[in-house]
Structures are given as C-alpha cells and as structure tokens.
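Q: Have a look at this fold, sequence not included:
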C-alpha cells in the first residue's frame, strides 16, 4: 500500500531504459544483463539533454546495465551520483528469460494466454509475479519520497514501470496491459495534497530527432 503521509517530493519521474538488441529481437530479458545498443545510447543522450534543466534531486536505477547506463547519462549534467536499487531490477521471467516472444507463445501457450488476459494471476515458472514486483518497487517509492525534496528519477524496466504506474494511480495489476511504456519513455507524477497525480505519460517527444519509429511495447 502506498502511504499518504508523504509530502516532501514535488515529482517522481519513472523512466524506462533505452533500446537493447533484445528489445529489437523481442527476447524476454528479465535479469539478463544486456547492454544498450547504439540506438539505446543515442536515446539516453537525447533524454539527458531533455532533462538538463530539470531540478533533479536524486536518481535511482536498477543495477542492470541497460538501466544503469541510461541513468548515468542522465546524471552527468546534474553532477550527481546514481544510486542502484535492487527494488528496481527487472521482472524475473524465470524459464522465459532469453527466449524469443514466438518461442514463449508456442512453448507456454496456456500460461502465455493467461499472461495476456490475466497478468495479475500469473507467476512465471521459476520467476516472479506482478505482485512480487509491486511489493518491492512501491517499497522503494515510499522510501525516496521521505528522503528527497525535488524531482526523484527512477530508471527501470517495462514491467516495473507499468506496475508502479498502476500502483501510483490506485489501480490493481489487472490493468497492466492498459499501459504502454516505450524505451526511454518518461512518466511523471506530481505529489499533491497527499496523493500522486499523473502529470504526463510515456513522453518520448525528445526522440523524434532519431527519425526512428518506436518499437512495440515489449
């Protein structure tokens, strides 16, 4: 449960990391430590430029390279260190990790269909459930909003971002597929009068300079 006594933070920015080759190839990433590809690095640089004039108080990141690399590029203009947090690490896809989207659809047909229709009811074999992610990620939000005043940036992954957005909006995890989150997309919440208020969602306008169509939400 999100606490409503917290009132020090002006804003939280949830940011998904930049592109990787596994995003492009639609391979389930999970805890595999995949680096940004060339496009991902360019995305992170444009993201950093876009945020240069923001009053960022702190940046937290998943410890996985694709998120940490993105966070470190953002941090440079602000001359602040990135704090890594296990609570922001990607969803544990268990047996699905490293498999292509098509392979999972074929090999785990029943469970995959449940994932599409009732994601809140799925626990991936030898992996996590969305409730597991929610518990750890919301816990981190509760910590950082008591610690910092200003903008707190959380750089993480698609699943973690979607689950946090649901939580901050007061929605349960059954709404997971109602949210789209592109690579380097920024979702911003203001904290006003004891509640989180969605200010903008999945902003990728700064990536237009790449002249590249966004990938599917994978």
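A: On my side now, so go ahead. Model, not experiment: these values are computed from the prediction. Numbers count the residues shown, from 1 in each chain.
Q: In the protein, where's the longest strand?
A: Criterion DSSP state E: the longest strand present in the chain is strand 195-203.
Q: tell me what that one is packed against?
A: When contacts are defined as 3 or more Cβ pairs under 8 Å, 6 or more residues apart in numbering; DSSP states H and E, strand 195-203 packs onto helix 158-168, strand 186-192. Any C-beta I mention is one placed from the backbone N, CA and C, and that applies to glycine too.
Q: What mean pLDDT does the first one get?
A: The predicted model gives helix 158-168 an average pLDDT of 98.
Q: now the shortest one
A: When pLDDT is averaged over strand 186-192, the result is 91.
Q: what's the angle from it to helix 158-168?
A: Strand 186-192 and helix 158-168 meet at an angle of 20 degrees, taking axes from the mean of the first three to the mean of the last three Cα atoms, to 10 degrees as the criterion.
Q: And the helices in the chain, which stretches?
A: Here the chain has its helices, by DSSP state H, at 21-24, 38-50, 65-75, 101-107, 109-117, 130-147, 158-168.
Q: residues of the shortest one that come out buried?
A: What it means is helix 21-24. Neighbour-count burial for helix 21-24, counted by 16 or more other Cβ atoms under 10 Å, picks out 22, 23.
Q: what does it contact?
A: The contact list for helix 21-24 (Cβ atoms under 8 Å, 6 or more residues apart in numbering) reads 28, 29, 32, 34, 37, 183, 215, 218.
Q: Give the burial count for the first one, as a bare number.
A: What it means is residue 28. For residue 28, the tally of surrounding residues (other Cβ atoms under 10 Å) stands at 22.
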